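J.: What shape does this take:
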Amino acid sequence: MLSLFLAITAFAEGTRTWEQSKFEDLTKGTATGVAIRSTGGLELAPAFKTLYTAPSTYIWAIASDDAGNIYAASGSPAKVYRITPDGQATTIFEPTELQVQALVVDKSGAVYAGTAPDGKVYKIEHKGGKSESAKANSSDKSKGQVDPNWSSSVYFDPQTKYIWDLALDGSGDLFVATGDRGEIYRVTPKGDHSVFFKSDEAHVRVLAVDAKGNLIAGSDGSGLVYRIAPSGEAFVLYSAPKKEITALALDDAGNIYAAGVGEKRAGAGVGLGFGQPASGVGTPATGVTLQPGVVIAPGQPPGAAMMNFPAPGAGATGGSEIYKIAPDGSPTRLWTSREDIVYALAFDPQGRLLAGTGNRGHVFAMKSDDDFTDLLKAGASQVTAFAKAPGGGLYAAGSNLGKVFVLGPGPQSEGTYESDVFDAKVFSRWGRAESRTMGNVELFARSGNVDNPDRNWSPWKKIDAQTGQTGIPAARFVQWKAVLHSGSTAPRVDGVTMNYLSKNVAPEIDDIGVQVGYRYQPLPKPIGGAVDMSGGISPSGPTQPHFEAPVPTTRDRDSVGVKWVAHDDNDDQLVYALYYRTDGETRWLLLKDDLTDKFYSFDASLLPDGAYTFKVVASDAPSHSPGEELTAEKESARVEVDTTPPRIENLTASAEGDKIHVSFRAVDGYSVIKRAEFSIDANDWQYVEPTDQISDSKTETYDFRAAVPVDVEAAATAGAKRKGRESVSGQMEHVVVVRVYDRFDNMSAAKTVIRGK
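T.: Next comes the predicted model:
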């Protein structure tokens, strides 16, 4: 019993908490099959699995047919893959160009693929024979052969450098978005083609067709969103704050969603409706833009961008934004990120807008401008495209590595979330875990004394659902884990709070300094439990930032100031006591106690002249029960205090011909005499040496003769009015003033008058 009591009382009395419920805190952890809500908390993510991993590094576009087969346009190497719903894949097209950049499928199952650079639009059709997918897939992986059941032909050659996107309208017309000249071509089902729209931008990057047959287009350069009527008449709906529109999505209500990336060049236009980009958007890196999405970074060889044309995310800097353009044309910013670059937009079965991003491979779901969810992290650096999947789900394409995933339609059956590692700073006991959960949720915890959980931490221990007891060993670091299981009630974790008690450690005084001749001004005290401006932390908790405000200092030769630097690893509140003692003494005398500031100044005259050492004692008593506080102390370097000026004794002065003879003695009770000066008849001060030539004693004697000032003597000879005062007999008077300084620049002065005879 006694041992247990001593073990408990060795810990700090103040129980503290570590809470995680906010989005910015939860995103520091690791989610697997768990989504993180922007409003805080965890829920099961949609079902997500890898359907196919391609030999190609990049998958730029995907499209699906009515049977659920998916077609993927890829690069490095450039191919078009046909992937069945069960993940069997064949190569159905392999061009000579570097990339297959865009792809659509028409109602008959024909595939249209746009290649780059200097690309063409190819039509890829099934010959009508039976395609043995599994056999072809095996051959494709081993030999890279194209499925012979598919044929390809050049459908349209726009004679331009880049083909960025393709779109089909209800009548089967194919629209081709190109770069270098910013043209959109229309190709009819009969193969007739014409320039449908020419932009003053260099590149038209993305296309979509609305319910009325209007073509919606996004550009690169000024970040323009166009609405182009079937007649070809165009209207700029929005000039985004970002330079490049990378994705478009249209909902059933007529809203247009556009993703913008990259920083605008000067003079490229400004956003309409709500001004400049959101605060905190990153600054673009310096580089030379070759084409949309491709930037040569400083130090990168000129051919590097073309070797990986176009490098996903390499040219998109400063984060990205998603805009919502209402049917009446009014724009709003729906979402912004400093880190993630949006490549694709689509809607899930619940009607939420999904954003596929890089370069962390996250998929976000958005309900409104203040409600979004970090759904999942794909096994690829970029999520570049979406397409419909059977049963209401979605296909998602990834690049780096090139993969095709199936998203939804239902949730994961189970998901896990591991929190960030929390550092209590000192050895701590871990108590109950408080949680706010719904549905079937299990919580676990573990602890350790190194910051890496893989280095011999305690095993995961299930937290008791009734009592919340963790039962994990006392240690410096802790981590919790949530396992969410699907059920009739959707599982949810709104927050987890860990209670802990840190072992009390003594405060530390890092430094102490004494400044003679300085006074410190008191600092204003905080209101309502905020951080103490002198560095102490209020009882509201150790999570608040430490802030050491500079101490206001005034030069005051009659004061002595003492400052110190102290800290407490428990973030306990500290109080200080200041002591002093003189040379030769062993007993410390209290100068001031109950100090909360880390400085104190006082009138130097309170101490006799002499040599002193000061000591600061720090105590964490305010944060602990009586008798359980810990203290630390530190002594200053030896300092000398002298505020008493020297005395001037036996000052005499007499006239001896054309000289004045002066003698006096300077005496100081503590320090040596530093120097002496004299002035005759208010003329300039002149230095004078002691009789032994060296100023090295507390008592010095001075004896010297000085000439009468020239101007006074000349005036007397000329019979003019003399400078100074005249005696009754008409002879000249002289005023002699002397002053002396000790080693601490304490000064005293004295004067005498030589009267005429």
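
J.: which regions of the chain sit below the pLDDT cut-off?
T.: Scanning the chain for pLDDT under 70 picks out the ranges 1-13, 129-144, 265-317, 525-547, 710-731, 757.

J.: Domain map for it?
T.: 13-42+415-502, 46-274+316-411, 508-641, 647-754 (automatic domain parsing).

J.: Tabulate the ones you listed (TSV), appending mean neighbour count.
T.: (Each C-beta comes from the backbone N, C-alpha and C, glycine too.) Converted to TSV, these look like this (neighbours: other Cβ atoms under 10 Å):
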stretch	mean neighbour count
domain 13-42+415-502	17
domain 46-274+316-411	20
domain 508-641	16
domain 647-754	16
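
J.: Would you state the strands of the stretch 651-757 of the chain in chain order?
T.: In the stretch 651-757 of the chain, the segments counted as strands under DSSP state E, counting those that start in this stretch are 659-667, 673-680, 686-688, 699-707, 734-742, 747-754.

J.: got these as JSON lines, with distance to W335 columns?
T.: Below are the strands of the stretch 651-757 of the chain laid out as JSON lines (distance: least, Cβ to Cβ, whole Å):
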{"stretch": "strand 659-667", "distance to W335": "81"}
{"stretch": "strand 673-680", "distance to W335": "73"}
{"stretch": "strand 686-688", "distance to W335": "78"}
{"stretch": "strand 699-707", "distance to W335": "82"}
{"stretch": "strand 734-742", "distance to W335": "72"}
{"stretch": "strand 747-754", "distance to W335": "72"}
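
J.: wait, isn't G179 in contact with P158?
T.: No - taking contacts as Cβ atoms under 8 Å, G179 lies outside contact range of P158: 10.0 Å.

J.: Okay, and the beta partners of V514?
T.: Beta-bridge pairing of V514 under DSSP bridges involves V562.

J.: Can you show me the strands along the stretch 51-200 of the chain?
T.: Under DSSP E, counting those that start in this stretch, the stretch 51-200 of the chain gives strands at 58-64, 70-75, 80-83, 89-93, 99-105, 111-116, 121-126, 150-156, 162-168, 174-179, 183-187, 193-198.

J.: can you tell which of those strands is closest to F602?
T.: strand 58-64 (73.2 Å; Cβ to Cβ).

J.: ok, residues contacting the closest one?
T.: The set of residues external to strand 58-64 that reach it, using Cβ atoms under 8 Å, 6 or more residues apart in numbering, is 70-76, 99-105, 111, 165, 312, 384-389, 395, 397-400, 402-404.

J.: will you turn the strands of the stretch 51-200 of the chain into JSON lines that also has distance to T246?
T.: As requested, those are exported to JSON lines (distance: least, Cβ to Cβ, whole Å):
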{"stretch": "strand 58-64", "distance to T246": "12"}
{"stretch": "strand 70-75", "distance to T246": "16"}
{"stretch": "strand 80-83", "distance to T246": "22"}
{"stretch": "strand 89-93", "distance to T246": "25"}
{"stretch": "strand 99-105", "distance to T246": "13"}
{"stretch": "strand 111-116", "distance to T246": "16"}
{"stretch": "strand 121-126", "distance to T246": "21"}
{"stretch": "strand 150-156", "distance to T246": "24"}
{"stretch": "strand 162-168", "distance to T246": "10"}
{"stretch": "strand 174-179", "distance to T246": "12"}
{"stretch": "strand 183-187", "distance to T246": "17"}
{"stretch": "strand 193-198", "distance to T246": "19"}
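
J.: Ok, which of these comes nearest T373?
T.: When the strands of the stretch 51-200 of the chain are ranked by proximity to T373 (Cβ to Cβ), strand 58-64 comes first, at 22.8 Å.

J.: To K592, which of the strands of the stretch 51-200 of the chain lies closest?
T.: Among the strands of the stretch 51-200 of the chain, strand 58-64 sits nearest to K592 (Cβ to Cβ), with 71.2 Å.

J.: The closest one vs strand 162-168, what angle?
T.: 10 degrees (axes from the mean of the first three to the mean of the last three Cα atoms, to 10 degrees).

J.: my read: A749 touches L651, true?
T.: No - look at A749 against L651 with Cβ under 8 Å: they stay out of range, at 10.1 Å.

J.: Overlap in contacts, the two.
T.: Joint contacts of A749 and L651 (Cβ under 8 Å, 6+ apart) are V738.

J.: Report the spatially nearest residue to I472, omitting neighbours in sequence.
T.: S447 (4.5 Å; Cβ to Cβ, 6 or more residues apart in numbering).

J.: What residues are bridge-paired with the one you found?
T.: Counting by DSSP bridges, the residues bridging with S447 are V478.

J.: ditto for I216
T.: With DSSP bridges as the rule, I216 is bridged to A208, R227.

J.: Which elements pack onto the helix or strand hosting K615?
T.: Using DSSP states H and E, K615 falls within strand 610-619. Where contact means 3 or more Cβ pairs under 8 Å, 6 or more residues apart in numbering; DSSP states H and E, strand 610-619 is packed against strand 508-520, strand 553-567, strand 575-582, strand 631-635, strand 639-641.

J.: so how far is the shortest one from its chain's centroid?
T.: To tie it back to what came earlier, the one meant is strand 639-641. Here strand 639-641 is found 46 Å from its chain centre; the criterion is Cα atoms, centre = their mean, to the nearest Å.

J.: Can you pull out the residues in contact with it?
T.: Against strand 639-641 from outside (Cβ under 8 Å, 6+ apart): 514, 516, 560, 604, 607, 609-614, 670-671, 744.

J.: quick one: strands adjacent to that strand?
T.: Sheet partners assigned to strand 639-641 using DSSP bridges are listed as strand 610-619 (antiparallel).

J.: ditto for the third one
T.: Here the strand partners of strand 575-582, with direction, are listed using DSSP bridges: strand 589-595 (antiparallel), strand 610-619 (antiparallel).

J.: go on, the fourth one?
T.: Strand 631-635 pairs in its sheet with strand 610-619 (antiparallel), by DSSP bridges.

J.: CA atoms only for the partner strand, dumped as PDB, please.
T.: Output in PDB follows, covering the C-alpha atoms of strand 610-619 (Å, rounded to 0.1, in the frame of the first residue of the first chain):
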ATOM      1  CA  GLY A 610      30.000  45.300  -2.000                       C
ATOM      2  CA  ALA A 611      30.200  42.000  -3.900                       C
ATOM      3  CA  TYR A 612      27.100  39.900  -4.200                       C
ATOM      4  CA  THR A 613      25.900  36.600  -5.500                       C
ATOM      5  CA  PHE A 614      22.200  36.100  -6.300                       C
ATOM      6  CA  LYS A 615      20.200  32.900  -6.200                       C
ATOM      7  CA  VAL A 616      16.900  32.000  -7.800                       C
ATOM      8  CA  VAL A 617      14.800  29.200  -6.400                       C
ATOM      9  CA  ALA A 618      12.000  27.900  -8.700                       C
ATOM     10  CA  SER A 619       9.100  25.900  -7.400                       C
END
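
J.: got the contact list for it?
T.: So strand 610-619 is in contact with 507-509, 512, 514, 562, 564, 566, 568, 574-583, 588, 591, 629-642, 670, going by Cβ under 8 Å, 6+ apart.

J.: Give me the angle between that strand and strand 553-567.
T.: Using the same axes, to 10 degrees: strand 610-619 against strand 553-567 is 40 degrees.

J.: how far off strand 508-520 does strand 610-619 point, in degrees?
T.: 130 degrees.
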